[in-house]
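K.L.:
Got a sequence here, can you build the structure:
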Amino acid sequence: MRLRLRLADGGETHKLSLPEVCDVAHLRQRVASTLQLETHTAFGLSLNKRDDLTSGVPDSATLRSCGIASGDLLFVTRQGEGNALSSPPPGRC
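P.N.:
Below is the predicted model of the structure:
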């Protein structure tokens, strides 16, 4: 699975290759590593800069069950920057 990452407030787009079957924990780890986020930095992942796809979702949930597909552009919002994301829409994960 290939994803693209960008900070919600703009910047460079990063490409990320993941296994076809991947869980949220692995994605979060790779995002933090790719964007060089500090280990204690909390962040949200969104397709539209508004709805957090992984909030309240178990780390073992697959990316597909969260609505994430190969080729998607994920926006990364660091928590505490005034860019709070809302919970995922009903039916997600």
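K.L.:
can we go C-alpha only for contacts and neighbour counts from here?
P.N.:
OK.
K.L.:
show me where this protein has strands.
P.N.:
2-7, 14-17, 43-46, 73-78 (DSSP state E).
K.L.:
Take those strands and write them to JSON lines, including mean neighbour count and mean pLDDT.
P.N.:
Shown next, in JSON lines, are the strands of the chain (neighbours: other Cα atoms under 10 Å; pLDDT from 0 to 100):
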{"stretch": "strand 2-7", "mean neighbour count": "17", "mean pLDDT": "96"}
{"stretch": "strand 14-17", "mean neighbour count": "14", "mean pLDDT": "96"}
{"stretch": "strand 43-46", "mean neighbour count": "24", "mean pLDDT": "92"}
{"stretch": "strand 73-78", "mean neighbour count": "22", "mean pLDDT": "93"}
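K.L.:
Please identify which of these is closest to Ala32.
P.N.:
In terms of Cα to Cα, the element of the strands of the chain nearest to Ala32 is strand 43-46, at 8.8 Å.
K.L.:
list the contacts for the residue positioned nearest the centre of the chain?
P.N.:
Nearest to the mean C-alpha position of the chain, by Cα atoms, centre = their mean, lies Leu45 at 3.0 Å. Taking Cα atoms under 8 Å, 6 or more residues apart in numbering, we find Leu45 in contact with 52-54, 74-77.
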